[in-house]
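**Student:** Turn this into a structure:
(chains A and B)
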Amino acid sequence: METINYQNFRIEAENICVDYNGKVALYDANLRLKPGQICGLVGMNGAGKTTFFNALTGFVNISKGKIRINGESVRSAQKDQTIAYVPQNEGIDSQFPISVWEVVMMGRYGSMNVFRCPRESDVQAVKDAIERVDLTDHLSTPIGNLSGGQRKRTFLARAIAQRASILLLDEPFSGVDIRTEKLISELFIQFKNEGKTILLSTHDMIHVREFCDLVLLINKTVVAYGETSEVFTPENITTTFGGISPDSLFGPES
Amino acid sequence: MELCSFLTLDSFIKDPLTHDFMRKALLMSSLVAAVCGFLSSYLTLKGWALMGDAVSHSVMPGVVVAYALGLPFSLGAFIFGVGSVALIGFIKQKSRVKEDTVIGLVFTGFFALGIVLVSKIKSNIDLHSILFGSPLGISLSDVKQTIFISLLVVILLLIFRKDLMLYCFDPRHAKTVGINVFFLHYLLLTCLSLAAVVGLQSVGIILVVAMLITPGATAYLLTDKFDNMTVISVLSAIISSLIGIYVSFWFDLETGGSIVLAQTFIFLFAFLFAPRYGIFKLKKLFAGYK
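**Tutor:** Numbering: from 1, shown residues only, chains lettered A, B, ... in the order given. Just a heads-up that it's a prediction; the model follows:
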């Protein structure tokens, strides 16, 4: 029997199942990602994309299967700050009285002491992260006063400040302006070169072709997984979206 | 005329202070208000108003049982407060009934149990003071307990204030970076039960939820910074308590009701005139005159 060397994989999900009070949200899902790989997670609403993220971050428990992050358990990945999660804009309370600086500083909480007092290195990491997403002019701006794109960049900065090696991004391109979209694209290339592993969910098929080395098509379970050029076929997409032809998804350009 | 009104204001404030019970009531209510106000910021942001209502009503049987057994009332209240939330969680998970319905039926059930127990036990429990509070008649042992619980809650909130803020804002991120969200959930719940226990002495079980949400809601309208929100919330809670007690002293009104009414008026003022989020945005009004 072949033994798998987990050290080669950043993320290793094997036959994972998640159910909420008996309602199956995801079953028999598999995923293996190496450093420097960008994988697109594509599926309809309710296909289990967010559930997949939740399982990888340990926000929900899996009922079956196994998840290894850098060869270790999800719990030790949490302790080691290995995974950063960038939420959908809709997934956060934009009226929360909190500034850009405070949000990005939250990326450092996991490695601070119990009082969460920032050290010099934390302050520097936050400064650098905010600079990378071009929000230096908005350090003390409440997130409620930001545009959708600026808010997205704030949470990206939080992930950068966390210095995680795995980034999970829920719909990174939805509701953002062109400038932010360009900045995120550039960051993706930098992250890839830094050897970070990225898993992003998206509705936008063009972005999948543009950035993703791999694609994972899901509809409660894995419909297809592999290199984008091989797997991202009209047939597979049609299956993933329950019979809707890819033409209507890609738009007139493709 | 000028002198006369000055004297009136002076005596308005100073006369009540000559009474021992008034000094005690003012001090204790301010302390309780500060604790509830502090917690209020978190509850408002977490959206736990209904949970606050549930816990504060559910402590009733705990208070009665503790009195009957001669235990500290805070212990009984705490057990029933946390118990009610556990029960709410359990029923929600095991049935198809919606959460707000479950909360409503659990806390009214507990509350009813408390009322029935009072009528059955008929010891020296004063139902009126439990329901409506009695800051003017607070006993020495109650004072000690209140101070102890208040300090405990304030210390817990101070230690975990940033974690709790993160928990209210983005629990998923908290979990992802290895912060114990389960612990924070129960910490907030524990603080809520304890604050309800001390709050009910001031304004009674029925109105204690106001102490736990109104100051936070007021502060939320006045600032975009979390730390400022906490400070404003605490200050508005303390000021309401002082106003409520003075007004109830001079006009012979129910003290608990007066305190909560003062909070409501401060909220309404913020609702109408808050610089950014009020209906008549004061900033804009003034800008027009410049």
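
**Student:** measure the residue of chain B found nearest chain A to B:Ile149 for me?
**Tutor:** Closest approach between chain B and chain A, counting by C-beta to the nearest C-beta: B:Val177, at 3.1 Å. (Glycine included, C-beta is placed from N, CA and C.) Distance of B:Val177 to B:Ile149, computed by C-beta to C-beta, to the nearest Å: 31 Å.

**Student:** Of those two, which one has the most company?
**Tutor:** More neighbours sit around B:Val177 than around the other of B:Val177 and B:Ile149, counting by other C-beta atoms under 10 Å in any protein chain shown; the figures are 27 against 23.

**Student:** gap between the nearest residue in space to the more buried one that is not next to it in sequence and B:Lys162?
**Tutor:** Closest residue to B:Val177 in three dimensions, ignoring its sequence neighbours and counting by C-beta to C-beta, 6 or more residues apart in numbering or on different chains: A:Gly110, at 3.1 Å. In this structure, A:Gly110 and B:Lys162 are separated by 12 Å, where distance is defined by C-beta to C-beta.

**Student:** can you list the residues of chain A near chain B?
**Tutor:** Residues of chain A lying close to chain B (C-beta under 8 Å from any C-beta of the partner chain) are A:21, A:54, A:57-59, A:75, A:78-81, A:83-85, A:87, A:91-93, A:96-99, A:102, A:106-107, A:109-110, A:114-116, A:142, A:144-145, A:158, A:162.

**Student:** Please narrow these to those residing in strands.
**Tutor:** Counted as lying in strands by DSSP state E, out of the residues of chain A next to chain B, are A:83-85.

**Student:** of those residues, closest to B:Lys98?
**Tutor:** Of all those, the one sitting nearest B:Lys98 is A:Tyr85; the distance, using C-beta to C-beta, is 28.2 Å.

**Student:** Tell me where the model's unsure across the stretch 151-290 of chain B.
**Tutor:** For the stretch 151-290 of chain B, the stretches with pLDDT under 70 are B:283-290.

**Student:** before we move on, the earlier item: narrow the residues of chain A next to chain B to just the buried residues.
**Tutor:** Those of the residues of chain A next to chain B that meet the buried threshold are A:54, A:57-59, A:78, A:80-81, A:83-85, A:87, A:92, A:96-99, A:102, A:106-107, A:109-110, A:116, A:142, A:144, A:158, A:162, by 16 or more other C-beta atoms under 10 Å in any protein chain shown.

**Student:** mind listing which of those are in helices?
**Tutor:** Within those, membership in helices is found for A:54, A:57, A:78, A:102, A:158, A:162, as judged by DSSP state H.

**Student:** State the distance from the last one to A:Tyr85.
**Tutor:** In other words, A:Gln162. For A:Gln162, the distance to A:Tyr85 under the criterion C-beta to C-beta works out to 9 Å.

**Student:** Kindly report the same for the first one.
**Tutor:** To A:Tyr85, A:Asn54 is 9 Å away according to C-beta to C-beta.

**Student:** hey, what's in contact with both of these two?
**Tutor:** Applying C-beta atoms under 8 Å, 6 or more residues apart in numbering or on different chains, one finds that A:Asn54 and A:Tyr85 are jointly contacted by B:Arg172.

**Student:** Am I right that B:Ser41 falls within a helix?
**Tutor:** Yes. Counting by DSSP: H, G, I helix; E, B strand; the rest coil, B:Ser41 falls inside a helix.

**Student:** residues touching it, list them.
**Tutor:** B:Ser41 makes contact with B:215-216, B:219-220, B:226, B:229-230, B:233 under the criterion C-beta under 8 Å, 6+ apart.

**Student:** how about a cut-off of 6 Å?
**Tutor:** Contacts were defined as C-beta atoms under 6 Å, 6 or more residues apart in numbering or on different chains; by that measure B:Ser41 touches B:216, B:229-230, B:233.

**Student:** same thing with A:Pro142?
**Tutor:** Neighbour list for A:Pro142: A:99, B:224 [criterion: C-beta under 6 Å, 6+ apart].

**Student:** what does chain B put close to chain A?
**Tutor:** Taking C-beta under 6 Å from any C-beta of the partner chain as the contact definition, chain B meets chain A at B:162, B:166, B:169, B:172, B:175-178, B:224-226, B:229.

**Student:** filter the residues you listed to the buried ones?
**Tutor:** Applying 16+ other C-beta under 10 Å to these, the neighbour count classes B:162, B:166, B:169, B:172, B:175-178, B:224, B:226, B:229 as buried.

**Student:** Relative to B:Trp250, how far out is A:Asp170?
**Tutor:** Using C-beta to C-beta, one obtains 58 Å as the distance from A:Asp170 to B:Trp250.

**Student:** Check B:Phe6 and give its pLDDT.
**Tutor:** Per-residue confidence for B:Phe6 comes out at a pLDDT of 49.

**Student:** What of the one 10 residues further on?
**Tutor:** Looking at B:Pro16, its pLDDT stands at 88.

**Student:** try B:Gly104
**Tutor:** With respect to pLDDT, B:Gly104 scores 94.

**Student:** With B:Ser58 instead?
**Tutor:** At B:Ser58 the predicted local distance difference test score is 93.

**Student:** Repeat that for the one 4 residues further on.
**Tutor:** B:Gly62 is assigned 91 on the pLDDT scale.

**Student:** what residues are up against the spatially most central residue of chain A?
**Tutor:** Chain A has A:Leu168 as the residue nearest its centroid, 1.7 Å off, counting by C-alpha atoms, centre = their mean. Residues in contact with A:Leu168 (C-beta under 6 Å, 6+ apart) are A:53, A:85, A:199.

**Student:** same thing with B:Phe132?
**Tutor:** B:204, B:256.

**Student:** Which strands or helices does the helix ranked longest in chain B pack on?
**Tutor:** For chain B, the longest helix by residue count, based on DSSP H, is helix B:181-222. Counting contacts by 3 or more C-beta pairs under 6 Å, 6 or more residues apart in numbering or on different chains; DSSP states H and E, helix B:181-222 is packed against helix B:20-46, helix B:49-69, helix B:73-94, helix B:127-132, helix B:140-159, helix B:171-176, helix B:226-251, helix B:255-273.

**Student:** about what we covered before: the residue nearest to B:Val177 contacts B:Gly178, doesn't it?
**Tutor:** Yes. Using C-beta atoms under 6 Å, A:Gly110 is in contact with B:Gly178, at 5.1 Å.

**Student:** Could you give the bridge partners of the residue lying closest to A:Gly226 once chain neighbours are set aside?
**Tutor:** Spatial nearest neighbour of A:Gly226, excluding adjacent residues (C-beta to C-beta, 6+ apart): A:Leu214 at 6.6 Å. Partner residues in beta bridges with A:Leu214: A:Cys39, A:Glu227, with DSSP bridges as the criterion.
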